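Enquirer: Sequence plus the predicted model coming up.
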Amino acid sequence: MRVEGDNCIGVKITSKKHVETFLFSSQNKIAFGDIQSESKWISVLTDRPRNVVKMTCYGGVG
């Protein structure tokens, strides 16, 4: 599913056990729900109770 936040776009990928949210911002400023990051992109994997299982981000250059 396509998603949009403040200064970012991305997708949510869902399975029976997990939800992965992948967001990209050309401005290195991501704001989407509970996700706030000064990154170029971020990936947040949660389980169905919404506990963070894994998070990865990339700050980009300049």
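Expert: Arrived safely.

Enquirer: Any buried residues in the helix or strand of the chain with the lowest mean pLDDT, and which?
Expert: The helix or strand of the chain with the poorest confidence is strand 35-37; it has a mean of 92 (mean pLDDT, DSSP states H and E). Within strand 35-37, the residues that qualify as buried are Ile35, Ser37, counting by 16 or more other Cβ atoms under 10 Å. Where you see a C-beta, it was placed from the backbone N, CA and C, and this is true even at glycine.

Enquirer: Against which helices or strands is it packed?
Expert: For strand 35-37, the contact count by 3 or more Cβ pairs under 8 Å, 6 or more residues apart in numbering; DSSP states H and E identifies strand 18-24 as packing neighbours.

Enquirer: In the sheet, which strands lie alongside the strand it packs on, parallel or antiparallel?
Expert: Sheet pairing of strand 18-24 (DSSP bridges) gives strand 8-14 (antiparallel), strand 41-47 (antiparallel).

Enquirer: right, and the helix or strand after it?
Expert: As assigned by DSSP states H and E, the chain's next helix or strand after strand 18-24 is strand 30-32.

Enquirer: Show me the shaky parts of the chain.
Expert: 61-62 (pLDDT under 70).

Enquirer: how about 50 then?
Expert: Residues of the chain that meet the criterion pLDDT under 50 lie in 62.

Enquirer: Please state the offset of stretch 9-28 from the chain centre?
Expert: 4 Å (Cα atoms, centre = their mean, to the nearest Å).

Enquirer: Using PDB, write out every CA atom in it.
Expert: Only the C-alpha atoms of stretch 9-28 are listed here, as PDB (Å, rounded to 0.1, in the frame of the first residue of the first chain):
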ATOM      1  CA  ILE A   9       6.500   9.000   0.400                       C
ATOM      2  CA  GLY A  10       6.700   5.200   0.900                       C
ATOM      3  CA  VAL A  11       5.000   1.800   1.100                       C
ATOM      4  CA  LYS A  12       3.600  -0.500   3.800                       C
ATOM      5  CA  ILE A  13       4.100  -4.200   3.200                       C
ATOM      6  CA  THR A  14       2.000  -6.500   5.300                       C
ATOM      7  CA  SER A  15       2.100 -10.200   6.100                       C
ATOM      8  CA  LYS A  16       0.300 -12.300   8.600                       C
ATOM      9  CA  LYS A  17       2.900 -11.600  11.300                       C
ATOM     10  CA  HIS A  18       4.600  -8.300  10.300                       C
ATOM     11  CA  VAL A  19       4.200  -4.900   8.800                       C
ATOM     12  CA  GLU A  20       7.200  -3.200   7.100                       C
ATOM     13  CA  THR A  21       7.000   0.500   6.500                       C
ATOM     14  CA  PHE A  22       9.600   1.900   4.000                       C
ATOM     15  CA  LEU A  23       9.800   5.700   3.700                       C
ATOM     16  CA  PHE A  24      11.900   8.000   1.500                       C
ATOM     17  CA  SER A  25      12.500  11.700   1.700                       C
ATOM     18  CA  SER A  26      14.600  13.800  -0.700                       C
ATOM     19  CA  GLN A  27      14.800  16.400   2.100                       C
ATOM     20  CA  ASN A  28      16.200  14.000   4.700                       C
END
